[in-house]
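Undergrad: Okay, structure incoming, though there's no sequence with it:
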């Protein structure tokens, strides 16, 4: 019981498998070596207490970038902390939601998205055994986290696609992921959209709960089976990229390997998550299959990203800074 309570107060700020080795990058002016640095260098790597950060922990633990790379790992817990790091060109690599990276880029922050590593992770659950279609939500109260952020926008997009209007046909009630998970657990919320690992936390406390809509599957039904929902990725600033091309290339290679290791070793990776981020390892291990971790270099995820950005742009243009990013945004 105590572990479940601890799990439900986790703070997750959220708003990939094509394999590309060092010599397979298709968007470089020239191939770049990815040897480990021969001279000592100090870099800042930062991420939230959320899935995009989990592979970083494996890289830190194994010194994947080499003995000469001294990593200053910083956790960002909110938008202000994220912006403070993102607008400072001294950092190396920063994990963040891809709508936030697009917004920063369009606002003039000199960054480049290097990869997308977290996909989907949004689900709609219910304890109503008769709810199996979007239309069954008509006249219901639906709990949703992060007002005006992607979970809210994508939920409203799906409702509209199935002829329902948020606020008219379906009452939207906003709350935090942890509060929604707790209400679902005790039966106070019958219909709820939430992100992982909060869905798993709710299911651990309510045996009648089931996921009725996996947003990734719903997205493919509308957009086409070739499109995934990108959620979060890694950005670097162009000053750092210009000065450390080989290290950025090495980082991408090692991050991809760390994503694979994280998925193939859920027990060990969950222990790292608890050690570095303080999240409950049992919950993380149980939710690992639905955390949406998959590596794809940003230039190879461009079609997915553009489809996603177009949808956000049509619903709330400011969520990505008023326009889709141009070519210079992609690594």
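TA: Noted; the coordinates are in hand. For clarity, every value in this text was computed on a predicted model and none was experimentally measured.
Undergrad: Quick one: classify the residue most central in space within the chain as helix, strand or coil.
TA: Centroid check for the chain by CA atoms, centre = their mean gives residue 232 as the closest residue, at 3.3 Å. Recorded secondary structure, residue 232: strand (DSSP: H, G, I helix; E, B strand; the rest coil).
Undergrad: Hmm, residue 54 and it touching each other?
TA: No - counting by CB atoms under 8 Å, residue 54 is not a contact partner of residue 232; they are 11.1 Å apart. Every C-beta, even on glycine, is put in place using the N, C-alpha and C of the backbone.
Undergrad: How about residue 72, nearest residue that isn't a chain neighbour?
TA: What sits nearest to residue 72 in space, not counting adjacent residues and going by CB to CB, 6 or more residues apart in numbering, is residue 44, at 4.8 Å.
Undergrad: what bridges to the residue nearest to the centre of the chain?
TA: residue 97, residue 118 (DSSP bridges).
Undergrad: quick one, what contacts it?
TA: Residue 232 makes contact with 14, 50, 51, 52, 95, 96, 97, 98, 116, 117, 118, according to CB atoms under 8 Å, 6 or more residues apart in numbering.
Undergrad: Now do the second one against residue 214, distance only.
TA: Spelled out, that is residue 50. As judged by CB to CB, to the nearest Å, residue 50 and residue 214 stand 19 Å apart.
Undergrad: Comparing those two, which residue is more hemmed in?
TA: Each of residue 50 and residue 214 has its neighbours counted (other CB atoms under 10 Å); residue 50 has more, 27 against 16.
Undergrad: and the more buried one, what pLDDT?
TA: The per-residue pLDDT reported for residue 50 equals 94.
Undergrad: in the stretch 201-331 of the chain, which ranges drop under the pLDDT threshold?
TA: The model of the stretch 201-331 of the chain has no residue with pLDDT under 70.
Undergrad: got it, and the stretch 1-150 of the chain?
TA: Using pLDDT under 70, the flagged stretches of the stretch 1-150 of the chain are 1-34.
Undergrad: For it, which segments count as helices?
TA: 2-8, 54-62, 79-86, 98-106, 150-161 (DSSP state H, counting those that start in this stretch).
Undergrad: looking at the ones you listed, which is buried most?
TA: Highest mean neighbour count of the helices of the stretch 1-150 of the chain: helix 98-106, a mean of 24 (counted as mean count of other CB atoms under 10 Å).
Undergrad: from the contacts of residue 232, which two are the most distant?
TA: 50 and 116 (14.0 Å; CB to CB).
Undergrad: contacts for the strand or helix carrying residue 192?
TA: Element membership for residue 192, per DSSP states H and E: strand 191-195. When contacts are defined by CB under 8 Å, 6+ apart, strand 191-195 is touched by residues 12, 14, 121-126, 128, 131, 137, 140-145, 151, 155, 177, 180-181, 183-184, 202.
Undergrad: beta partners of the nearest residue to residue 199 once chain neighbours are set aside?
TA: In space, and not counting its chain neighbours, residue 199 is closest to residue 123: 4.9 Å by CB to CB, 6+ apart. For residue 123, the beta-bridge partners are residue 194, residue 214 (DSSP bridges).
Undergrad: Wait, residue 251 touches residue 65, no?
TA: Yes - between residue 251 and residue 65 there is a contact at 6.5 Å, judged by CB under 8 Å.
Undergrad: what touches both of those two?
TA: residue 59.
Undergrad: Just want the angle from the helix ranked longest in the chain to helix 54-62.
TA: Using DSSP state H to define each element, the chain has its longest helix at helix 245-264. Following axes from the mean of the first three to the mean of the last three CA atoms, to 10 degrees, one obtains 110 degrees for the angle between helix 245-264 and helix 54-62.
Undergrad: Give me the helices and strands touching helix 245-264, please.
TA: On a contact count with 3 or more CB pairs under 8 Å, 6 or more residues apart in numbering; DSSP states H and E, helix 245-264 meets helix 54-62, strand 111-119, strand 230-237, helix 266-277, strand 293-297.
Undergrad: For my notes, please list these in CSV and give distance to residue 323 for each entry.
TA: Compiled in CSV, the helices and strands packed on helix 245-264 are given as follows (distance: least, CB to CB, whole Å):
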stretch, distance to residue 323
helix 54-62, 30
strand 111-119, 15
strand 230-237, 17
helix 266-277, 34
strand 293-297, 23
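Undergrad: Residue 288 contacts residue 268, doesn't it?
TA: No - look at residue 288 against residue 268 with CB under 8 Å: they stay out of range, at 10.9 Å.
Undergrad: The two - which one has more neighbours?
TA: Using other CB under 10 Å as the criterion, residue 288 and residue 268 rank with residue 288 on top: 23 against 14.
Undergrad: and the gap between that one and residue 233?
TA: 19 Å.
Undergrad: What of residue 99?
TA: Look at residue 99 and residue 233: by CB to CB, they are 10 Å apart.
Undergrad: now swap in residue 117 and tell me
TA: For residue 117 relative to residue 233 (CB to CB), the value is 6 Å.
Undergrad: Overlap of the contact sets of these two?
TA: In contact with both residue 117 and residue 233: 52, 95, using CB under 8 Å, 6+ apart.
Undergrad: Pull the number of nearby residues for residue 322.
TA: 12.
Undergrad: Just to check, it is in contact with residue 106?
TA: Yes - look at residue 322 against residue 106 with CB under 8 Å: they come within range, at 6.1 Å.
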